[in-house]
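In: this one's sequence-less:
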């Protein structure tokens, strides 16, 4: 099994380019099942979750042509609405977007309930509510979601919570429905807007994405398009925090600075230097940062997907910080791993109280989910000595060539087989 071995204590310096947004790509790739013409998508991140979804698409009849590492052409002409249970559909949460896409195109969908990181309950009740409002009958049997409608008709849908997944899935089902659909209390995340823009590029009529109310006028047919995915705000935020935590100086390129405002505001608040450019941000720090209070919230609030990385920075802060998780119930699993490195953190319910320490020391660590894994890597980059992070398959689900990008910034990190003791000894001798 692969692991990351890290020698900490070196400031990250230089430039890094951010890949396409994982969460946009999942929705956009699934959306190609809405039509029987080829679609070309560029700036696709080369990560595990995307590879799994592409294989799942192939499994239900889509033709996938990789033009290069970041460009894919998808022809879903041969897709079946019955996405039978397979290992790929079960692996990732984003496979549930196939329900909305297949229901929208065929008025019928059968998709296995998906998996993903264990960060707390993520029910699909709001998705089902939306499908039913459009006229579908939805059942869950034998681990499968089965939806069917004689016809889909536009309706007024109010979401009980601003769910990203439900917002995107209902959009997918509604673009080919008869009449107008109004969705209220919608999620406003950048990837919701990106999926809406992609659908519009194929001839859909969606207005209001990025606001509380989305209005969709159904169209008869969608057409082929070429579309470029937006940069990944979470990957960008992760490198921003890595630069600050290591007291480095990094220019993070290929970003949309507005998408990073909540992260930027907190970094500036605790004394980190941030300069915004047209499509880049520079993050620099040469001293111990201050403390703060954070509550994760839907966009444009502080993102839950940046909570763990921010804690990895605040464990080294001057003073006490309080972090409240406002989205998921089970997102502090990584805290015990940071405590093994010398961090001082107490968790009570959905709140973590962090007392800053002078420094961390390397340890054997295990990633519990995607973002927690990134946080442990950041902690390892700051720590004295050698840190080993296991279960890096979680990290590779959402970060493209993570170790390569860190290495180009001067960080000492190597991906190696956990059973290759000779390689590990050689690494230790080289860097110590």
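Out: Perfect, thanks for sending it. All values derive from a computational prediction rather than experimental measurement. Numbering: from 1, shown residues only.
In: can you name the next helix or strand after the helix or strand bottoming out on mean pLDDT in the chain?
Out: Least confident helix or strand of the chain, by mean pLDDT, DSSP states H and E, is helix 87-91 with a mean of 64. Once the chain leaves helix 87-91, the next helix or strand it forms, by DSSP states H and E, is helix 97-106.
In: for the stretch 1-150 of the chain, which segments count as helices?
Out: All helices of the stretch 1-150 of the chain, identified by DSSP state H, counting those that start in this stretch, fall at 22-31, 48-59, 87-91, 97-106, 125-133.
In: got the angle for the last one vs helix 97-106?
Out: Taking axes from the mean of the first three to the mean of the last three Cα atoms, to 10 degrees, one finds helix 125-133 and helix 97-106 inclined to each other by 10 degrees.
In: can you list contacts of helix 125-133?
Out: Residues from elsewhere that reach helix 125-133 (Cβ atoms under 8 Å, 6 or more residues apart in numbering): 96, 99-100, 103, 138, 145, 147, 155-157, 159-161, 163, 165-166, 169-170, 173-174, 183. C-betas here are computed from N, CA, C, even on glycine.
In: buried stuff in stretch 201-216?
Out: 201, 202, 204, 206, 208, 209, 210, 214, 215, 216 (16 or more other Cβ atoms under 10 Å).
In: kindly check the end-to-end length of that stretch for me.
Out: Across stretch 201-216, the terminal residues are separated by 14 Å (Cα to Cα, to the nearest Å).
In: also stretch 20-40?
Out: Stretch 20-40 has an end-to-end distance of 14 Å (criterion: Cα to Cα).
In: buried sites along that stretch?
Out: Neighbour counts using 16+ other Cβ under 10 Å place 20-35, 37-40 of stretch 20-40 among the buried residues.
In: cool, and stretch 336-351?
Out: 337, 338, 340, 341, 342, 343, 345, 347, 350.
In: again, but for stretch 135-147
Out: So for stretch 135-147, counting by 16+ other Cβ under 10 Å, buried means 135, 136, 138, 144, 145, 146, 147.
In: so what's the third one up against?
Out: When contacts are counted by Cβ under 8 Å, 6+ apart, residue 138 is found next to 128, 131, 132, 145, 146, 147.
In: model confidence for the fifth one, exactly?
Out: Meaning residue 146. Looking at residue 146, its pLDDT reads 92.
In: so it makes contact with residue 109?
Out: Yes: counting by Cβ atoms under 8 Å, residue 109 is a contact partner of residue 146 at 7.4 Å.
In: please enumerate the helices of the stretch 151-300 of the chain.
Out: In the stretch 151-300 of the chain, the helices defined using DSSP H, counting those that start in this stretch lie at 164-174, 190-201, 233-245, 261-269.
In: quick one: average pLDDT of the shortest one?
Out: Averaged over helix 261-269, pLDDT sits at 98.
In: list the buried residues for it?
Out: 262, 263, 264, 266, 267.
In: which residues in the stretch 151-300 of the chain form strands?
Out: 156-158, 180-184, 205-207, 213-217, 226-228, 249-253, 273-276, 280-284, 293-295 (DSSP state E, counting those that start in this stretch).
In: give me the contact list for the last one.
Out: Going back to what we said before, that points to strand 293-295. 266, 301, 302, 307, 310, 321, 322, 323, 324, 325, 326.
In: likewise for the second one?
Out: Where contact means Cβ under 8 Å, 6+ apart, the residues beyond strand 180-184 that reach it are 130, 134, 154-159, 167, 170-171, 174, 212-218.
In: that strand to helix 125-133, inter-axis angle?
Out: 160 degrees.
In: picking that back up, any chance of a markdown table for the strands of the stretch 151-300 of the chain, columns mean pLDDT and distance to residue 69?
Out: Listed next are the strands of the stretch 151-300 of the chain as a markdown table, based on pLDDT from 0 to 100; distance: least, Cβ to Cβ, whole Å:
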| stretch | mean pLDDT | distance to residue 69 |
| --- | --- | --- |
| strand 156-158 | 98 | 38 |
| strand 180-184 | 98 | 35 |
| strand 205-207 | 98 | 30 |
| strand 213-217 | 98 | 33 |
| strand 226-228 | 98 | 14 |
| strand 249-253 | 98 | 17 |
| strand 273-276 | 98 | 29 |
| strand 280-284 | 98 | 22 |
| strand 293-295 | 98 | 35 |
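In: need the ones you listed in CSV (columns: distance to residue 373).
Out: Below are these laid out as CSV (distance: least, Cβ to Cβ, whole Å):
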stretch, distance to residue 373
strand 156-158, 36
strand 180-184, 33
strand 205-207, 34
strand 213-217, 33
strand 226-228, 28
strand 249-253, 19
strand 273-276, 24
strand 280-284, 21
strand 293-295, 20
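In: nearest to residue 113, out of the ones you listed?
Out: strand 156-158 (21.7 Å; Cβ to Cβ).
In: pull up the pairing partners for that closest one, direction included.
Out: Next to strand 156-158 in the sheet, as set by DSSP bridges, lie strand 180-184 (parallel).
In: next, the angle helix 164-174 makes with the strand it pairs with.
Out: Using the same axes, to 10 degrees, the inter-axis angle of strand 180-184 relative to helix 164-174 is 170 degrees.
In: how distant is strand 180-184 from the center of its chain?
Out: 26 Å (Cα atoms, centre = their mean, to the nearest Å).
In: and stretch 94-109, by the same measure?
Out: The mean C-alpha position of stretch 94-109 is separated from the chain mean by 21 Å, Cα atoms, centre = their mean.
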